[in-house]
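Undergrad: build me a structure from this.
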Amino acid sequence: MSKTRVYQLAKEFGKNSREFLEELRELGYDLKSHMSSLENNEVEAIKEYFEEKKKEAEEKKKAEKKKQESQQSKEKKHFKEKKDFKKDHKKDKKNKNKNKKFNKNNKPDFVKEEKKNEEKSEEEDIKEVKITKSELKLDILAKKLGKGQNDIIKAFFMKGKILRPGQALSESEAEEIAMMFNTLLDIVEETAEVSESTPANKEGKVDPEEELKEFWKKLYEEKEDKLVERAPVVTIMGHVDHGKTTLLDNIRNTRVAEKEAGGITQSIGAYQVNYEGRKITFIDTPGHEAFTEMRARGAQATDIVVLIIAADDGVMPQTIEAYNHAKNANVPIIVAINKIDKPNANIELTKQQMVAKLNLIPEDWGGDTITVPISAKAGQGIDELLEMILLVAEMQEIKCYPEGLARGVIIESKLDKFLGPVATAIIKDGKLKVGDYFVAGSTFGKVRRMIDPNGKNVKVAGPSDPVQILGFEEVPDMHSILYGVKTLHEAREYVEKKKELEEKTVQKRHIRLEDALKMMQEEGEQKILNIILKADTFGSLEALKNAIAKLQNPEIELQVIHGGIGAITKSDVMLATASDAVILGFRVKADSSAVKFAEQERIQIKRYDIIFNLIDDLKKALQGMLEPEEKEEITGYGEVKQVFRIKKVGNIAGIQLKEGYVERDGGVRLYRGGKLVYDGKLESLRHYKDEVKRIEAPKECGVKILNFDDINEGDEMEFYKFIQVERTLEFGKKEEE
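TA: Below you'll find the predicted structure:
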């Protein structure tokens, strides 16, 4: 028996999927989502119900039309009477023998009725306008009243009072002017209303960007009835070689918005397609690292994520990583199963892996994850994927405020040797025009030129439009938020305050394992300690996840938001920054870039060689007993270029130092293929034949590891030492580092 999905039936009726689903729920249908299936008998019953409803609506429409026709007939009669009355009145005026004065009491009923209606409408036409005390100026008041300054000045001149353009007004003068135009003034304090211009910056150490964010939040609340639907912004993510680029190229080359001639310029990192009369914006540059960095900066550029999985390869480590980044951003996910045209493609096995590894249940298996089989190379299933994107966008009710100053997200920025500082932005609200002033991060500018994805100059960019912007004073931070402002003075004032604040502000201190007790002591909702877990093998990873899951505490929940195999990378640190998590590593190294970035972002990375120690630290943290240990400092990295085997001495590793330095009294970790092989101490450190205490990169050196000889060419070494850190403050207070 064939089944029909809710969204398909909604499309058949020409209704919005979300509203249609609510209607069916009100009728008593127990439906989980727009992807829920309906039996044939249910479909027939629904169609019958809506047909009856349609007939009722048509009958009502006919009755209204009849009423309207009757009203029009009355109006025609009214008009004829009026015309006849005017003719008679003219005849009376011409007739000298009759009384020239018109007797008001002899007016017909329709004239009396008109007079009453005019008087009534005059009473009803009294408007009310809000104005702040700082806005009590003639030009601002005139604008709010919808009048010209000259009209008000003339009207007051006839009363013997003189006003000047832009003159400051007292409350009584403002109220008098308003009453002349049938308007009542409600004079309020500065904070009582959010105007559509950008807010004035407050004095003191207030972040001007936070003020702008607060302004937009209030604007959305106050203008809720004026919000309109916006085209969805989509990012495609997934494992390398699973077809992300092929899919983007297929969509770009076949469905470019408006089918412009000249092809697509790929330099701006985003483009729009037009499908069934609706636009979709694709971001084609960010991988999951950039995606998370946007969120870490508070710039949510993406509305929907398409997670691409190859049917011949299944769920891979990068697939899991990409999924975790999207999940933690709370963004709707559509799964595109690619390469279905390959002989070894197995769609059902891929779906099984989705359930087992990602906990994503496809909608045809009773879940709520939209899954679309496609072949990016052959173009198969692309239409269905675009249709699903629009359906999810409809269900999410992606909205924007379309008027006024712009707000957008910068997805790329660079210094062009010909054009100067340029950036690509996706506009989220309002309109950005050539000549507008704007701020972004710690820089500002004036729009000199805007280029669309086709390389064409545009004068105005609206919501969801991707544009390359020229006119920045400096290269803006990638993934910062762009705000339109009214004047150059306002832009400069914003940047001055922003830079001054950045110099004085101490960077945010993220959660540490030692802070678990402090979190439990805070009142409020259930506390969650987010953990990113990296291990050397899948077996170790699963063992650690199971052990962590058994650690129960009524006041705090331990949640592994991402688990992976291999070294701790910059991507892990970005996810920790965005999710306020700690990173725990088991028998894995941390990339030098990850360590530096973690120090910069103040993210805690703790590494272990024994599972018991990791679990024991977590237990102690939950009990408030975990004492800060000695701080480990990575001093340098090197690669084994050659191994010298010396009798009675052992193996000496010839090292090329790539970064930092190595000290003879320090520790060393040996990695092979990214996995930890040994962690111990140095026995000797030589530079040529001389025994030395310290050697710095990029010099070469000879290293003998204490009681360890299993060294191969190509092995990597990580050098470290411990620093004694004195704890100056107790739990519950900020820890000085």
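Undergrad: which residues touch residue 365?
TA: By C-beta atoms under 8 Å, 6 or more residues apart in numbering, residue 365 lies in contact with 351, 355. Just so you know, the C-beta spots here come from the backbone N, C-alpha and C atoms, and that holds for glycine as well.
Undergrad: would you mind measuring from it to residue 358?
TA: From residue 365 over to residue 358 the distance is 13 Å, taken as C-beta to C-beta, to the nearest Å.
Undergrad: got it, and residue 477?
TA: 32 Å.
Undergrad: neighbour count winner among the two?
TA: residue 358 (20 against 17; other C-beta atoms under 10 Å).
Undergrad: spatially, what comes nearest to that one if we skip its sequence neighbours?
TA: In space, residue 358 comes closest to residue 323 once its chain neighbours are excluded; the distance is 5.2 Å by C-beta to C-beta, 6 or more residues apart in numbering.
Undergrad: how about the one you found, secondary structure?
TA: Here residue 323 is recorded as helix under DSSP: H, G, I helix; E, B strand; the rest coil.
Undergrad: quick check: end-to-end length of stretch 29-39?
TA: End-to-end distance for stretch 29-39: 12 Å, by C-alpha to C-alpha, to the nearest Å.
Undergrad: how about residues contacting that stretch?
TA: Here stretch 29-39 makes contact (C-beta under 8 Å, 6+ apart) with 1, 3-7, 9-10, 17-18, 21, 24-25, 42, 46, 363, 368, 370, 391, 395.
Undergrad: filter the residues you listed down to the ones in helices?
TA: Among these, the members found in helices (DSSP state H) are 6-7, 9-10, 17-18, 21, 24-25, 42, 46, 391, 395.
Undergrad: check which helices and strands the longest strand seen in the chain sits against.
TA: Determined from DSSP state E, the single longest strand within the chain is strand 631-646. Judged by 3 or more C-beta pairs under 8 Å, 6 or more residues apart in numbering; DSSP states H and E, the packing partners of strand 631-646 are helix 592-601, strand 650-663, strand 700-705, strand 716-723.
Undergrad: would JSON lines of these with mean pLDDT be doable?
TA: Shown next, in JSON lines, are the helices and strands packed on strand 631-646 (pLDDT from 0 to 100):
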{"stretch": "helix 592-601", "mean pLDDT": "85"}
{"stretch": "strand 650-663", "mean pLDDT": "90"}
{"stretch": "strand 700-705", "mean pLDDT": "90"}
{"stretch": "strand 716-723", "mean pLDDT": "87"}
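Undergrad: turn these into TSV, columns for distance to residue 558 and mean neighbour count.
TA: What follows is the helices and strands packed on strand 631-646, written out as TSV (distance: least, C-beta to C-beta, whole Å; neighbours: other C-beta atoms under 10 Å):
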stretch	distance to residue 558	mean neighbour count
helix 592-601	20	17
strand 650-663	34	19
strand 700-705	36	20
strand 716-723	27	18
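Undergrad: closest one to residue 467 among those?
TA: Ranking the helices and strands packed on strand 631-646 by distance to residue 467, with C-beta to C-beta as the measure, places helix 592-601 first at 30.1 Å.
Undergrad: tell me the strands beside the very next helix or strand once past the closest one, with direction?
TA: Next along the chain after helix 592-601, taking DSSP states H and E as the criterion, comes strand 605-608. Partners of strand 605-608 in the sheet, by DSSP bridges, are strand 581-586 (parallel).
Undergrad: now the angle between helix 592-601 and the partner strand, please.
TA: 150 degrees (axes from the mean of the first three to the mean of the last three C-alpha atoms, to 10 degrees).
Undergrad: contacts for strand 581-586 next, please.
TA: 511-513, 529-536, 540-541, 544, 561, 568, 572-573, 575-576, 598, 603-609, 611, 614.
Undergrad: mind doing that once more with 7 Å?
TA: Strand 581-586 is contacted by residues 511-513, 530-536, 540, 544, 561, 568, 572, 575-576, 603-608, 611, 614 when judged by C-beta atoms under 7 Å, 6 or more residues apart in numbering.
Undergrad: just to revisit the earlier point, save the ones in helices among the contacts of stretch 29-39 as TSV, and put in neighbour count too.
TA: Formatted as TSV, the ones in helices among the contacts of stretch 29-39 follow (neighbours: other C-beta atoms under 10 Å):
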residue	neighbour count
6	21
7	24
9	21
10	21
17	22
18	16
21	23
24	20
25	11
42	16
46	20
391	21
395	17
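Undergrad: export these as CSV, with columns for pLDDT and distance to residue 500.
TA: Conversion of the ones in helices among the contacts of stretch 29-39 to CSV gives the following (pLDDT from 0 to 100; distance: C-beta to C-beta, whole Å):
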residue, pLDDT, distance to residue 500
6, 73, 54
7, 76, 52
9, 77, 58
10, 75, 53
17, 76, 49
18, 75, 46
21, 77, 51
24, 76, 56
25, 77, 53
42, 77, 64
46, 79, 62
391, 90, 47
395, 86, 44
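Undergrad: now for the residue nearest to residue 358, how many residues are close by?
TA: 25.
Undergrad: I'd say it and residue 307 touch.
TA: Yes - contact criterion C-beta atoms under 7 Å: residue 323 and residue 307 qualify, at 5.9 Å.
Undergrad: poorly predicted segments of this protein, please.
TA: Scanning the chain for pLDDT under 70 picks out 1-2, 72-126, 189-205, 254-268, 284-300, 502-509, 514-526, 553-555, 623-630, 724-737.
Undergrad: care to break it down by domain?
TA: 127-193, 229-400, 407-504, 513-627, 632-723 (automatic domain parsing).
Undergrad: now find how far off-centre the shortest one is within its chain.
TA: Think domain 127-193. Averaging C-alpha positions (C-alpha atoms, centre = their mean, to the nearest Å) puts domain 127-193 41 Å from its chain's average.
Undergrad: quick one: end-to-end distance for stretch 343-362.
TA: 23 Å.
Undergrad: need the contact partners of that stretch.
TA: The contact list for stretch 343-362, computed with C-beta under 7 Å, 6+ apart, reads 309, 311-312, 314-315, 320, 323, 335, 337, 339-340, 365, 367, 369, 371, 373.
Undergrad: out of these, which one sits closest to residue 711?
TA: Nearest member of those to residue 711, counting by C-beta to C-beta, is residue 320, at 32.9 Å.
Undergrad: export the helix or strand hosting the closest one as PDB, just CAs?
TA: Secondary structure assigned from DSSP H and E places residue 320 in helix 317-328. The C-alpha coordinates for helix 317-328 follow below in PDB (Å, rounded to 0.1, in the frame of the first residue of the first chain):
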ATOM      1  CA  PRO A 317      36.000   9.900  10.700                       C
ATOM      2  CA  GLN A 318      35.600  13.300   9.100                       C
ATOM      3  CA  THR A 319      31.900  12.700   8.500                       C
ATOM      4  CA  ILE A 320      31.500  12.200  12.300                       C
ATOM      5  CA  GLU A 321      33.500  15.300  13.000                       C
ATOM      6  CA  ALA A 322      31.500  17.400  10.500                       C
ATOM      7  CA  TYR A 323      28.300  16.100  12.000                       C
ATOM      8  CA  ASN A 324      29.300  16.900  15.600                       C
ATOM      9  CA  HIS A 325      30.200  20.500  14.500                       C
ATOM     10  CA  ALA A 326      26.800  20.900  12.800                       C
ATOM     11  CA  LYS A 327      24.900  19.300  15.700                       C
ATOM     12  CA  ASN A 328      26.500  21.500  18.300                       C
END
